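*Asks:* A structural model of the following input is requested.
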Amino acid sequence: MLADVSIELSSISPIKSIDQAPKRAKEVILHIKDGLLTDYWCEIRENQKRIEKILCSQIDIREMYLSLRQSASVIPCPRPLFFADDFEKSATETADRCSIEDRKKAVLALFSRRFGLKLCAETIHLAVGILDQCLEKMLVEKKAISDLAAVSLVLASKVEEINCIHMSGLLECGLIENRSLSMICVLERVVLNTLSYQVTFPTPLTFATYLLVHLHASPSTINLTHYLLELSVLYVHNRLYPSDVVAHAATCLAFAVDLGANTSSYKSLVEAECRLALFCGIEVASKTNRDVMRTLADLFIVAPAEDHVIHREYSSSRRHSVALRQIDISLQKALKMNVAL
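*Replies:* Modelled structure (predicted):
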């Protein structure tokens, strides 16, 4: 049985040697006594008191954002997808290796299951972040990328969801096919060991939530920001920028597109940048941010031609049809020229 599993896992190999998997612990049956149950409820009451103290305290959202940004780890850009020729492999093995387009298809497959599996947006973004970390540290073949993405989704759901996805659920929903349950569990253990169990980190969506709350954004602006961030996830090169920078660019561009119908789009963009300058410490008309904005604007423009699942979702009325908006030509020109104040 284990021999068969190792053969199937050969399509996913770490670039560096991973730690040996921990030995399986013996099954222990716990008998809950009345005393332990009482202690459990006492602990719940203590936790409730702590939560009430936090809710009643005057916690500055800016301090929360800055502390999160300082402690956040950068989601790595999967460079093996860019520099596949740097590894000493035969031409056949190079052709079978996962590409940027394969990653994009796997990510779109995850977004297509968001409603069927009842997943929140942060779960999908975290799953793609875990997938990119794996692609950075592993050499993955084309046939294995979908399995790796599905396992990443399970790990993300265990972090973000109350009712998380189980491994058997991957087989039931069809995210993984022609694989045994034992093989999927082994793959999960390989991923956890490769990432040293570091599967929790803030995504661009996490930072954007703080910015949208600070700006008191309207529902349409929130949906437009989420749409830009999901388009950004498809474009793997955006991992070259920190998550908070991508979130800032998406939020400001969303304000420009959403409010540009009543006023100048570029004026709305600069206004959003000015309102966030003191909050997050990013200068107005920052070159790095404008580079990200140009990329997001290009992704927004070409999305209707691709007609993928993300564009169809945000074209619906429940998302205020934000994908059907138009980016003003003057705003496009201003972003390309990086016009300063």
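*Asks:* So Pro304 versus Arg312, what's the distance?
*Replies:* 10 Å (C-beta to C-beta, to the nearest Å). Where you see a C-beta, it was placed from the backbone N, CA and C, and this is true even at glycine.
*Asks:* Need the overlap of contacts for the two.
*Replies:* Taking C-beta atoms under 8 Å, 6 or more residues apart in numbering as the criterion, Pro304 and Arg312 both touch Ala323.
*Asks:* these two touch, right, Ala217 and Thr225?
*Replies:* Yes. Here Ala217 lies in contact with Thr225, judged by C-beta atoms under 8 Å, at a distance of 7.2 Å.
*Asks:* which one of those two has more residues nearby?
*Replies:* Thr225 (28 against 21; other C-beta atoms under 10 Å).
*Asks:* circling back to that earlier point, residues that sit against both of Ala217 and Thr225, list them.
*Replies:* Common contact partners of Ala217 and Thr225 (C-beta under 8 Å, 6+ apart): 251, 254.
*Asks:* List the residues that contact the most centrally placed residue in the chain.
*Replies:* The centre of the chain sits closest to His125, judged by C-alpha atoms, centre = their mean, with a distance of 2.1 Å. By C-beta under 8 Å, 6+ apart, the contact set of His125 is 203-206, 229, 233.
*Asks:* Repeat the analysis, applying 10 Å as the threshold.
*Replies:* Contacts for His125 (C-beta atoms under 10 Å, 6 or more residues apart in numbering) come out as 75, 110, 156, 160, 202-206, 208, 226, 229-230, 232-233, 243.
*Asks:* Now it. Its backbone dihedrals?
*Replies:* With angles defined as degrees, to the nearest 10, His125 sits at phi -60, psi -40.
*Asks:* what does Phe279 give?
*Replies:* phi -70, psi -50.
*Asks:* Now do Cys134 against Ser112, distance only.
*Replies:* Distance, Cys134 to Ser112, using C-beta to C-beta: 20 Å.
*Asks:* Compare the two (neighbour count), which wins?
*Replies:* Between Cys134 and Ser112, Cys134 has the larger neighbour count (other C-beta under 10 Å), namely 23 against 15.
*Asks:* Can you give the domain ranges for this protein?
*Replies:* In terms of domains, the chain is parsed into 74-194, 204-337 (source: automatic domain parsing).
*Asks:* among these, which gets the worst mean confidence?
*Replies:* Per-stretch mean pLDDT for the domains of the chain is lowest at domain 74-194 (a mean of 84).
*Asks:* What is the end-to-end distance of it?
*Replies:* End-to-end distance of domain 74-194 (C-alpha to C-alpha, to the nearest Å): 17 Å.
*Asks:* same check, this time on stretch 128-147
*Replies:* Using C-alpha to C-alpha, first and last residues of stretch 128-147 are 13 Å apart.
*Asks:* Could the C-alpha coordinates of stretch 153-165 be exported in CSV?
*Replies:* Included here for stretch 153-165 are C-alpha records, laid out as CSV according to Å, rounded to 0.1, in the frame of the first residue of the first chain:
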residue,chain,number,x,y,z
LEU,A,153,-8.1,24.4,-0.1
VAL,A,154,-8.7,21.8,2.7
LEU,A,155,-5.9,23.3,4.8
ALA,A,156,-7.2,26.8,4.3
SER,A,157,-10.7,25.7,5.2
LYS,A,158,-9.4,24.2,8.5
VAL,A,159,-8.0,27.7,9.3
GLU,A,160,-10.9,29.9,8.2
GLU,A,161,-14.1,27.9,8.2
ILE,A,162,-16.2,26.7,11.1
ASN,A,163,-17.4,23.7,9.1
CYS,A,164,-14.2,22.9,7.3
ILE,A,165,-13.8,20.5,4.3
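*Asks:* what does it contact?
*Replies:* 109-110, 113-114, 117-131, 150, 166-167, 169-170, 172-173, 175-176, 184, 187-188, 191-192, 195, 197, 199-201, 203.
*Asks:* just how off-centre is that stretch within its chain?
*Replies:* Relative to its parent chain, stretch 153-165 has a centroid offset of 13 Å by C-alpha atoms, centre = their mean, to the nearest Å.
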